[in-house]
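[1] just need the structure, nothing else, for what follows:
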Amino acid sequence: MKLKDSISSYRQPNFWVNSDDPRIEVLAQGLASAESAYRYVRDQIHHSFDVQAEEAPGTAREVLEAGHGLCFAKSHLLAAILRAMRIPSGMVYQRLLLGNTPDEGYCLHGLNAIYDASRDRWFRVDARGNRPGIEAEFSATTEQLAFTVQDNLGEIAYDLIYAQPPQCIQDFYRSNPVGVSVMCRTLPSELE
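    Residues are numbered from 1 along each chain as shown. A predicted model of the protein is given here:
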């Protein structure tokens, strides 16, 4: 994986990754490790599709307040908590089938990259939230993500780590989609 920005950017707050929000700082202080932060976001913050949410919170602060978010927003919250814990973190993306075949289109899926100082390397985790058929786990050595990329079907695991979401994700949230059916139709399908 490659960094899109300077390493200091993966430690600092920005509009989407509100690691300086007092509630996020307090939450981070109560968590013992990167793994406990991951488990909190994966298990305590619902995926908006799973709960049929009518709104799509985008910033880490909004996700914490709402108690749910899409994969992109959950990755913003996890990055914010980790940065508040002084652990460099960013967002990474996968391009996945929207249905079962390429004819049905693609959508982006957001997850996180975390810097492991003891190994001087980045690793990916997926805090989307488990449910039947999705079993993501935290591991600095062996990836167990929510979705396995199928290269032969045009899916992509992008290797660029973002300190803040790319423009297509920002535009998605700024378009203010409401309701699960609208969100589904407006999800970005590839990185710019």
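
[2] quick one: mean pLDDT over whichever strand in the chain runs longest.
    Counting residues, the longest strand found in the chain (DSSP state E) is strand 106-116. Averaged over strand 106-116, pLDDT sits at 96.

[3] swap in stretch 78-88?
    98.

[4] ok so, going back, helices or strands up against the helix or strand just after the longest strand of the chain?
    Of the helices and strands lying after strand 106-116 in sequence (DSSP states H and E), the nearest is strand 121-125. With contacts defined as 3 or more Cβ pairs under 8 Å, 6 or more residues apart in numbering; DSSP states H and E, the secondary structure elements packing on strand 121-125 are strand 106-116. Backbone N, C-alpha and C define where each C-beta goes, glycine included.

[5] the longest strand of the chain vs strand 121-125, what angle?
    Angle of strand 106-116 versus strand 121-125, following axes from the mean of the first three to the mean of the last three Cα atoms, to 10 degrees, is 140 degrees.

[6] and strand 106-116, what's buried?
    By neighbour count on 16 or more other Cβ atoms under 10 Å, the buried set for strand 106-116 is 106-115.

[7] out of the residues you listed, which comes closest to residue 125?
    Using Cβ to Cβ, residue 112 comes nearest to residue 125 of the buried residues of strand 106-116, at 5.4 Å.

[8] and that closest one, bridged to which residues?
    residue 91, residue 125 (DSSP bridges).

[9] my guess is it contacts residue 123. True?
    No: with contact defined as Cβ atoms under 8 Å, residue 112 does not reach residue 123; the gap is 9.3 Å.

[10] for these two, list the residues in contact with both.
    The contact sets of residue 112 and residue 123 do not overlap (Cβ atoms under 8 Å, 6 or more residues apart in numbering).

[11] ok, back up a step: what's the offset of the longest strand of the chain from the middle of its chain?
    Mean-position distance between strand 106-116 and its chain equals 5 Å (Cα atoms, centre = their mean, to the nearest Å).

[12] please apply the same query to stretch 76-96.
    Its chain's C-alpha centre and that of stretch 76-96 lie 7 Å apart, by Cα atoms, centre = their mean.

[13] before we move on, what about stretch 128-139?
    With Cα atoms, centre = their mean, you get 13 Å for stretch 128-139.

[14] show me what counts as buried in that stretch.
    Buried, per 16+ other Cβ under 10 Å, within stretch 128-139: 128-129, 136-138.

[15] average pLDDT for that stretch?
    The average pLDDT within stretch 128-139 is 92.

[16] and the end-to-end length of it?
    End-to-end distance of stretch 128-139 (Cα to Cα, to the nearest Å): 15 Å.
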